[in-house]
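got a structure for you, letters missing:
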């Protein structure tokens, strides 16, 4: 924790974090209450299961709690929490049984999604749009999925995506290029019924 | 319309989708409370009893080894004091 906090524009955040680190449970509860709506919105990109969503938000805030001593006030607390939440979501994707999940997604698309949701038209209903985008990105592996989620869904710039994922900007660019190519191929295969 | 343009438009619309309400404040607080190690009370009765017992065992062990220590320090005196000395 920096000693001179009066110069720092995030001195308020530093003070709140310090209180939580010192064992003030109410201070941490206030941090969770303030940032949980934004974190929930972000985690809704990582799962469409409400039960899993709650678990992910919980895990993100537990992770944040253990990382509090590392907060230096270099940026706003909300942005710092967002970075940790993205990494928790990415870890969740990585640890999922990918093949089973992909198989389920394929079946789900075939059974419930509007036909060719991303290949022919843009769904009118935001819920349908959310599901169509989620299902399309779920066809990809975690790395590709993360980079496209951040760039397209979270509207991040390459630099922001790099900061959130912990990768370099050039790595994000290369990953995004490959991910776009793979997604296009997968969606075309999906359309032609060859998957 | 190009695929990624459609994805961008879909993403814009998807951002308006309703997010389920989640409240994890209590759950998070409970988790961190359970994970936080409780500070041990240094002077409670079981600790004092255990400390006393440990001290007693240490002293007894030291007393048991006293003859050995004196033998090591002065082997000749130990021999002269033994029943086998001439």
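Received, thanks. What you see is a predicted model; the values in this text were computed from it and never measured. Numbering: from 1, shown residues only, chains lettered A, B, ... in the order given.

name the element residue B:4 belongs to?
Using DSSP states H and E, residue B:4 maps to helix B:3-14.

does any bit of that helix sit next to chain A?
Yes: shown here: helix B:3-14 in contact with chain A (C-beta under 8 Å from any C-beta of the partner chain) through B:3, B:4, B:6, B:7, B:8, B:9, B:10, B:11, B:13, B:14. Bear in mind the C-beta positions are built from the backbone N, C-alpha and C, glycine included.

would a markdown table of those residues with pLDDT be doable?
Below are those laid out as a markdown table (pLDDT from 0 to 100):
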| residue | pLDDT |
| --- | --- |
| B:3 | 79 |
| B:4 | 82 |
| B:6 | 83 |
| B:7 | 84 |
| B:8 | 85 |
| B:9 | 85 |
| B:10 | 86 |
| B:11 | 86 |
| B:13 | 85 |
| B:14 | 86 |
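
need the helices for chain A, in chain order.
A:11-21, A:25-43, A:50-67, A:77-95, A:98-111, A:126-137, A:142-148, A:158-165, A:169-192 (DSSP state H).

got the buried residues for the fourth one?
Spelled out, that is helix A:77-95. A:77, A:80-90, A:92-93 (16 or more other C-beta atoms under 10 Å in any protein chain shown).

same question, the third one
Residues of helix A:50-67 classed as buried: A:53, A:54, A:55, A:56, A:57, A:58, A:59, A:60, A:61, A:62, A:64, A:65 (neighbour count, 16+ other C-beta under 10 Å).

touching it from outside, list them.
Under the contact criterion C-beta atoms under 8 Å, 6 or more residues apart in numbering or on different chains, helix A:50-67 has outside partners A:20, A:28, A:31-32, A:36, A:39-40, A:43-44, A:46-47, A:81, A:84-85, A:87-89, A:92, B:20, B:22, B:24, B:27-28, B:31-32, B:35.

give me the residues contacting stretch B:7-26.
Taking C-beta under 8 Å, 6+ apart as the rule, stretch B:7-26 contacts A:29, A:32-33, A:36-37, A:40-41, A:44, A:50, A:53-54, A:57-58, A:61, A:117-118, A:122-124, A:126-127, A:129-130, A:132-134, A:136, A:148, A:152-153, A:155, B:1.

could you redo the last one with a cut-off of 6 Å?
By C-beta atoms under 6 Å, 6 or more residues apart in numbering or on different chains, the residues outside stretch B:7-26 that reach it are A:29, A:32-33, A:40-41, A:44, A:50, A:54, A:57-58, A:122, A:126-127, A:129-130, A:132-133, A:152-153.

for it, measure first residue to last.
37 Å (C-alpha to C-alpha, to the nearest Å).

got it, and stretch B:6-25?
Using C-alpha to C-alpha, the two ends of stretch B:6-25 sit 38 Å apart.

before we move on, back to that, farthest-separated two in the buried residues of helix A:77-95?
The most widely separated members of those, counting by C-beta to C-beta, are A:77 and A:93 (25.0 Å).

any low-confidence regions in the chain?
All of this is about chain A. A:1-6, A:97-120, A:193-195 (pLDDT under 70).

try again with chain B
For chain B, the ranges with pLDDT under 70 are B:1, B:37-43.

remind me which helix or strand residue B:28 belongs to.
helix B:25-35.

and that helix with helix A:25-43, angle?
Put simply, helix B:25-35 runs at 120 degrees to helix A:25-43, going by axes from the mean of the first three to the mean of the last three C-alpha atoms, to 10 degrees.

for the nearest residue to residue A:161 once chain neighbours are set aside, list the residues it contacts.
Leaving out its chain neighbours, the residue that sits closest to residue A:161 by C-beta to C-beta, 6 or more residues apart in numbering or on different chains is residue A:150, at 4.1 Å. Contacts for residue A:150 were tallied using C-beta under 6 Å, 6+ apart; they are A:156, A:161, A:164.

can you pull up the most central residue in chain A?
residue A:86 (4.1 Å; C-alpha atoms, centre = their mean).

what's the distance between the nearest residue to that residue once chain neighbours are set aside and chain B?
Nearest non-adjacent residue to residue A:86, counting by C-beta to C-beta, 6+ apart: residue A:164, 4.5 Å away. Here the criterion is C-beta to the nearest C-beta, to the nearest Å. By it, residue A:164 lies 16 Å from chain B.
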